[in-house]
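Undergrad: Kindly generate the corresponding structure for this input.
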Amino acid sequence: EEYIIDDAKNTLVLQEWYESSTNQVPVSLLINGNSRIGELINTGGDKQITDHLTGKGACFSLTKNKHFHLGNFTTNYTEFHVKQPGYQYRFRVIGAISQNLPLRLSIENHTFTAIAMDSLNIEPVPHLTDLWLAAGERYDILVKTTEEQDQSCLAYKIKVIGFTDQPHNHCPLCTIAWLKYPKQYIDYTYVTDCACTGFHLPPPLRTLNPVPNKYAAWKNRIKYPNWKNPSTTGDIFIADLREPKSKSKSTINNLANTQYIEFDGSITFNGLRMSYPPVPFLLQDPADKTDRCGSTCNGQPPKTKCTTKNPANCSANDYCNCQHVVKEPLVRDGWVEIVLVNNNQGAAAHPIHQHGGWYWVVGEGQYNHNINSSFIRHQDKINKISRNLHNPPPKDTIQVPPGGYAIIRTKLDNAGTWIFHCHINFHVTIGMAMVLQIGEPQDWCTGPLNRNVPCETPPPPPGGGPTTIYWFYGMEPAERCVTPGINVTFNWVNKDHNVNNVTEAEYDSCNVNNPTPYAGDYTWPWQAPMLDGSVPETYYFACGRYYNSKKKLEITATMVA
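TA: Numbers count the residues shown, from 1 in each chain. All right, here's what the predicted structure looks like:
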């Protein structure tokens, strides 16, 4: 067996970078925290930012980078050194991506083999030219180095590229790391340009985990086991991968029930946006079901019975806020199946992440038209949706194809309350999440934590420091808890907004009409007397530029010890 260099230092943490925590215009990509920005840098307005955050994709404008001085860089690109040419080197690649910006990795003059994803082994996928990662995904790859490489030339580039207009592969951001053999040299003057020159990969390609937003790519993919032939080129999707160890059909088929979770375009699960209780779900005993919604399933498979509860005020044309929980029984050898349905072809390929363990991907599909949960149920009923129960691949994050579905199965042997969410930061923060509860409170241990005790207050910024609110058109109503005496800064990009301190009634009705715009940032100075901590005091803010726009903020100011 060929020797493998396995060094934890050979880890690539991939992410996009923003100039500040309040400006959601991505301006660069990072590998292990390092990169450079050339002469031009992204900038954008509210519509571009909103389209980027919601997953529609956006092209940003370019402006002069005032910090650019050729040859005078404060950061170098990350370097990896091949000290023993001819061996295979194991690299761990981590998609630490914040928003909807999947990234593609390739290595000049090298192919590689994928051997694990999301920390669990898979059947090795050899001779790959490139690999895509969305937010939360991880891969382990083996890079075949060779003694025959030209060691007297420039080191090889590990290239990472993403597109802010992902649906159309337009408007790139890119960066590199160096893969250096002995005697090779590094060009410390190199910087990527805004067009990402040299990052286009010529065919033929063997691509693992492409962003599943193109029906033609799905239809023409390399299926299992055809990809085992390293000369076969094309796209390889998750459903066509396999776990190396045997998992019998009878084991994974001990099914408690099937849940359908639909993404209807409102950045929700089944039209429900997650809210969180004062007492964490894990510490409720018995469960407080006052504001809960979702499914409750009891009994042992195959006779599990499920009931569904939704808020009484839910309308068919809007989403509801509630404590979304799917409750399943604790069954050591049982499984729950979840069918994830991504309705619209123009939507993001939401990367859905499960805490508390892995699921196994038993099915995946895509259509050339918009769909919904009813359509998928019907297709399933007439046996047009298949499942692979023989060594399906394990994962804890999967991109769900727009206009398509993914079918996952989770083992019901890990008691607890596990968050299940879209890994795009903007999506999870506005409520594209739910809790998968396995078992009852008596089934899990909470250690020294007291049950049924509410959290004191929402936490303020660490250390009680300044609070910043990113203020943009189309944002969801937000809440912040601040320490009395601390100013609050509202941040926006262009001169198209304002901030109004309003009454609770005006806040609830959105009856704020102030058409005068002014440029950000705006700081609201603390003017109220210090509170004694006994009663929280709440302040309400709204923008009046877009009358009745629902762009508003609720601030609770509470004395924090």
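Undergrad: Got the phi and psi for Leu282?
TA: phi -60, psi -30 (degrees, to the nearest 10).
Undergrad: and the closest residue to it other than its chain neighbours, helix, strand or coil?
TA: Excluding its sequence neighbours, the residue lying closest to Leu282 (CB to CB, 6 or more residues apart in numbering) is Thr417, at 4.8 Å. To be clear about C-beta, it is placed using only N, CA and C from the backbone, and glycine gets the same treatment. The three-state label for Thr417, taken from DSSP: H, G, I helix; E, B strand; the rest coil, comes out as strand.
Undergrad: Pretty sure Thr417 sits against Glu440.
TA: No - counting by CB atoms under 8 Å, no contact exists between Thr417 and Glu440, whose distance comes to 10.8 Å.
Undergrad: Tell me which of those two has more neighbours.
TA: When Thr417 is set against Glu440 and neighbours are counted by other CB atoms under 10 Å, the residue ahead is Thr417, at 21 against 15.
Undergrad: give me every residue that touches that one.
TA: For Thr417, the residues meeting the contact criterion (CB atoms under 8 Å, 6 or more residues apart in numbering) are 280-282, 325, 435-437.
Undergrad: Kindly state the beta-bridge partners for it.
TA: Gln437 (DSSP bridges).
Undergrad: And the pLDDT at it?
TA: We note a pLDDT of 98 for Thr417 in this prediction.
Undergrad: Can you list the low-confidence ranges for the stretch 251-400 of the chain?
TA: For the stretch 251-400 of the chain, the stretches with pLDDT under 70 are 313, 315-317.
Undergrad: quick one, what contacts the residue nearest the centre of the chain?
TA: Of all residues in the chain, the one closest to the mean position by CA atoms, centre = their mean is His423, 2.3 Å from it. Taking CB under 8 Å, 6+ apart as the definition of contact, the neighbours of His423 are 97, 134-136, 351-353, 397.
Undergrad: Spatially nearest residue to Ile97, not counting backbone neighbours?
TA: Ranked by CB to CB, 6+ apart and with sequence neighbours excluded, the top spatial neighbour of Ile97 is Ala135, at 4.0 Å.
Undergrad: What about that neighbour? Give its phi and psi, please.
TA: In terms of degrees, to the nearest 10, the main-chain angles of Ala135 are phi -60, psi 130.
Undergrad: same thing with Trp218?
TA: In this entry, Trp218 is assigned phi and psi values of phi -60, psi -50 (degrees, to the nearest 10).
Undergrad: in terms of contact, does Met434 touch Cys322 like I think?
TA: No - contact criterion CB under 8 Å: Met434 and Cys322 do not qualify, at 9.9 Å.
Undergrad: what's the overlap in contacts for the two?
TA: Overlap between the neighbourhoods of Met434 and Cys322 consists of 272, 274, taking contacts as CB under 8 Å, 6+ apart.
Undergrad: So for those two, which residue has more residues nearby?
TA: Shown here are Met434 and Cys322; by other CB under 10 Å, Met434 has more neighbours (26 against 22).
Undergrad: Tell me which other helices or strands the biggest strand by length in the chain touches.
TA: Residue-count comparison of every strand in the chain, with assignments taken from DSSP state E, identifies strand 4-20 as the longest. Counting contacts by 3 or more CB pairs under 8 Å, 6 or more residues apart in numbering; DSSP states H and E, strand 4-20 packs against strand 23-31, strand 88-95, strand 103-107, strand 156-165.
Undergrad: CSV for the ones you listed, including mean pLDDT?
TA: As requested, those are arranged in CSV below (pLDDT from 0 to 100):
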stretch, mean pLDDT
strand 23-31, 94
strand 88-95, 98
strand 103-107, 98
strand 156-165, 97
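Undergrad: Ok, which of those comes nearest Pro124?
TA: Comparing the helices and strands packed on strand 4-20 by their distance to Pro124 (CB to CB), the top pick is strand 88-95, with 11.0 Å.
Undergrad: which strands and helices sit next to the closest one?
TA: The criterion is 3+ CB pairs under 8 Å, 6+ apart, and the helices and strands that strand 88-95 contacts are strand 4-20, strand 112-117, strand 130-133, strand 138-144.
Undergrad: and those as TSV, adding mean neighbour count, distance to Phe375 and mean pLDDT?
TA: TSV is the format used below for the helices and strands packed on strand 88-95 (neighbours: other CB atoms under 10 Å; distance: least, CB to CB, whole Å; pLDDT from 0 to 100):
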stretch	mean neighbour count	distance to Phe375	mean pLDDT
strand 4-20	15	34	95
strand 112-117	22	29	98
strand 130-133	23	27	98
strand 138-144	21	32	97
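Undergrad: export those strands to TSV and tack on distance to Ala505?
TA: Compiled in TSV, the helices and strands packed on strand 88-95 are given as follows (distance: least, CB to CB, whole Å):
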stretch	distance to Ala505
strand 4-20	34
strand 112-117	52
strand 130-133	47
strand 138-144	49
